[in-house]
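**Q** only the shape, not the letters, is given here:
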């Protein structure tokens, strides 16, 4: 009996399967949506330049020619003199047209039709800044700034002759050498840099429209001079940025190491020196820095000019600066004084106060530099300079964290881009 039921069940299934499939086909056929499916439309963003939609313009990119002015440029594109006169007046509070520089780039945007009417003139007064003259509709003149990226990158190298040449050899911006000179001005004698010294620097590159236009902040550096590593880490505390060593001590000192960039030290501090002109022995309580005529002389610290005079038969043109109740410095044999410097002037560390000369009793251009402590002459090369404030205890954890990250990046010596700063 069981076998007979199974046989009939199988026979029933054989007949039912085609019927079920046919029903499913009819359901699918009559419920199918034959409406054509639209392809998704890609949205193309408008092309922008200088903050202007340029899709409907022809762009004419040119450079300012010698003796060319705004009127010359605009009349070439058919702009009438009445409009130009209005634009000149609108330009006064935004941009001084007398500063239109030969060789700078400008772009004229004309309508993309047979009329070719000029709608905009954009003058690039710097790599990041532009002056926009709107010529159609309501006249307008305004300044706009290009999008600039800050890219953190590293560079490292070995010095064979000078830091400047080493930077150029490694492909880094040579201006980086000047930045390092400023950062290490209080701690490293750059005229004592030796062949074989090394450097590692973490810094920002400024990039506009794919072109590198310069350097931004130096974030960290390690200058290995005569086997001794000098670290510098940029850190901000109380909204003021400064550079500190690995022990959180401020690299800035009360005084610069030297008042100028010199060729050599031609005479040192001495209580008995043979004078090359007077042919006698007498004290020389200063350091002579040999340098070309006109070399800028800087004050080594903040202070007030207390004397400017000409010492006949002696120091020639001199400047004396009182820095505090303890220290006074004197700069002698100057060719002349810097503009705006006079007795009573308050000067800041690094300000140019005069220029190397050969006034007074001198055998050639040099600076005789003297330092007095409590009224007594001391050797400038042996002067102890008290450091500025270190990182405050409250900021120390943040500094230590940043220092470790910067040291890690410096030690990797990966030449090239590491981070893009939005």
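**A** All right, it came through fine. Note that the structure is a prediction, hence the values are computed from the model and not measured.
**Q** any low-confidence regions in the protein?
**A** Filtered on pLDDT under 70, the chain yields the residue ranges 1-42, 189, 191-192, 263, 269-283, 313, 413-422.
**Q** hmm, 50 instead?
**A** 1-3, 274, 422 (pLDDT under 50).
**Q** domains for it, by residue range?
**A** When the chain is parsed with automatic domain parsing, its domains come out as 48-145, 149-253+410-421, 264-382.
**Q** among those domains, which is nearest residue 398?
**A** Nearest of the domains of the chain to residue 398, taken as CB to CB: domain 149-253+410-421 at 7.9 Å. For the C-beta atoms, the positions are set from N, CA and C on the backbone; glycine is no exception.
**Q** so what's the gap between the closest one and the chain middle?
**A** Domain 149-253+410-421 has its C-alpha centroid displaced from the chain centroid by 12 Å (CA atoms, centre = their mean, to the nearest Å).
**Q** residue 381 is in contact with residue 268, isn't it?
**A** Yes - taking contacts as CB atoms under 8 Å, residue 381 lies within contact range of residue 268: 7.0 Å.
**Q** now the common contact residues for the two.
**A** Residues touching both residue 381 and residue 268 (CB atoms under 8 Å, 6 or more residues apart in numbering) are residue 287.
**Q** count of neighbours near the nearest residue to residue 197 once chain neighbours are set aside?
**A** Counting by CB to CB, 6 or more residues apart in numbering, residue 197 lies nearest to residue 159, which is 4.6 Å off, once chain neighbours are set aside. Neighbours of residue 159 under the rule other CB atoms under 10 Å: 21.
**Q** follow-up on the earlier one: do you know which of the domains of the chain lies nearest residue 389?
**A** That would be domain 149-253+410-421 among the domains of the chain, by CB to CB, at 5.9 Å.
**Q** quick one: buried residues of the host helix or strand of residue 58?
**A** According to DSSP states H and E, residue 58 maps onto strand 57-63. Buried positions in strand 57-63, judged by neighbour count with 16 or more other CB atoms under 10 Å: residue 57.
**Q** any idea which helix or strand comes after it?
**A** helix 70-76.
**Q** how near is the nearest residue to residue 402 once chain neighbours are set aside to residue 323?
**A** Among residues not flanking residue 402 along the chain, residue 235 sits closest, at 6.3 Å (CB to CB, 6+ apart). Distance, residue 235 to residue 323, by CB to CB, to the nearest Å: 26 Å.
**Q** okay, and the residue nearest to residue 402 sits in which element?
**A** Going by DSSP H and E, residue 235 is in strand 228-237.
**Q** counting by contacts, list what that strand packs against.
**A** Judged by 3 or more CB pairs under 8 Å, 6 or more residues apart in numbering; DSSP states H and E, the packing partners of strand 228-237 are strand 211-225, strand 240-244, helix 396-412.
**Q** and the helix or strand just after the second one, what's buried?
**A** So the one you mean is strand 240-244. Using DSSP H and E, the helix or strand that follows strand 240-244 in sequence is strand 264-267. Counting neighbours by 16+ other CB under 10 Å, one finds that the buried residues in strand 264-267 are 266, 267.
**Q** strand partners of the strand holding residue 58, parallel vs antiparallel please.
**A** Applying DSSP bridges, strand 57-63 is found paired with strand 105-111 (antiparallel).
**Q** what does the helix or strand following the strand it pairs with contact?
**A** Moving toward the C-terminus from strand 105-111, the next helix or strand (DSSP H and E) is strand 118-124. Contacts to strand 118-124, defined as CB under 8 Å, 6+ apart, come from residues 50, 52, 57, 64, 73-74, 77-79, 95, 100, 104-111, 130-136.
**Q** ok, now how distant is residue 379 from residue 249?
**A** Residue 379 sits 24 Å away from residue 249 when distances are taken as CB to CB.
**Q** ok, now residue 235?
**A** 11 Å.
**Q** neighbour count: those two, which is higher?
**A** Legend: neighbour count by other CB under 10 Å for residue 235 and residue 249, higher for residue 235 (20 against 14).
**Q** and the more buried one, what are its bridge partners?
**A** Residue 235 forms beta bridges with residue 242, as assigned by DSSP bridges.
**Q** just to revisit the earlier point, report the buried residues of the strand holding residue 235.
**A** Buried residues in strand 228-237, defined by neighbour count with 16+ other CB under 10 Å: 230, 231, 232, 233, 234, 235, 237.
**Q** could you provide those residues in a markdown table, with additional columns for distance to residue 143?
**A** Listed next are these as a markdown table, based on distance: CB to CB, whole Å:
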| residue | distance to residue 143 |
| --- | --- |
| 230 | 41 |
| 231 | 40 |
| 232 | 35 |
| 233 | 36 |
| 234 | 30 |
| 235 | 33 |
| 237 | 34 |
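**Q** which of those residues sits closest to residue 262?
**A** residue 230 (20.7 Å).
**Q** surely residue 94 touches residue 142?
**A** Yes - if you go by CB under 8 Å, residue 94 and residue 142 touch, sitting 6.3 Å apart.
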